[in-house]
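**Student:** any chance you could fold what I've pasted below:
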Amino acid sequence: MYCGGQGIYVYYLARELQKLGHQVEIIGAPPYPTPPDGVKLHKLRSYSYYQSPDDRTLGYALLRSPLNLYELATSFSGTFPEPLAFTIRAYYKLKKLLSHDRFDII
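**Tutor:** Numbering: from 1, shown residues only. So this is what the prediction gives:
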């Protein structure tokens, strides 16, 4: 919890925004950040081989989305598909959340 990186940054930022009176929600992907108490974490799935090498549901999941296949295939080539894949998944998750919630900071 006290090492550097995005997870600890998100934790402290969420905690301080919550102290200021904001209702905070986090959209995260593996490795999932640990949210402060009272903060909702929306978990996005990852289909990188390194995140789920033993996952038996990969076959079906890959057929549902070209993004899933892209993420798995590029992870085999030694590149890092996570930034693009996360961005696209987060966009669609945020779009869905905005259909019924309002946010003052994104």
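
**Student:** only C-alpha atoms from now on, for both contacts and neighbour counts.
**Tutor:** OK.

**Student:** just the helices in this protein please.
**Tutor:** 6-19, 58-64, 66-76, 82-98 (DSSP state H).

**Student:** ranking those by burial, who's on top?
**Tutor:** Per residue and on average, the most neighbours among those fall to helix 66-76, with a mean of 17 (mean count of other Cα atoms under 10 Å).

**Student:** any stretches of the chain with poor pLDDT?
**Tutor:** Applying pLDDT under 70 to the chain picks out residues 1-4, 49-63.

**Student:** how about the contacts made by the closest residue to Gly28 other than its chain neighbours?
**Tutor:** In space, Gly28 comes closest to Lys43 once its chain neighbours are excluded; the distance is 5.3 Å by Cα to Cα, 6 or more residues apart in numbering. By Cα atoms under 8 Å, 6 or more residues apart in numbering, Lys43 lies in contact with 27-29, 32.

**Student:** got a quick ChimeraX command for the buried subset of those residues?
**Tutor:** To isolate the buried members of the contacts of Lys43 in ChimeraX, using 16 or more other Cα atoms under 10 Å:
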select :27,28,29
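
**Student:** from the contacts of Lys43, which land in strands?
**Tutor:** Applying DSSP state E to these, the entries found in strands are 27-28.

**Student:** hang on, the earlier thing: Ile106 is nearest to which of the helices of the chain?
**Tutor:** Closest of these to Ile106 is helix 82-98, at 9.2 Å (criterion: Cα to Cα).

**Student:** which elements pack onto the closest one?
**Tutor:** helix 66-76 (3 or more Cα pairs under 8 Å, 6 or more residues apart in numbering; DSSP states H and E).

**Student:** and the angle for the helix it packs on with helix 82-98?
**Tutor:** Angle, helix 66-76 to helix 82-98, by axes from the mean of the first three to the mean of the last three Cα atoms, to 10 degrees: 160 degrees.
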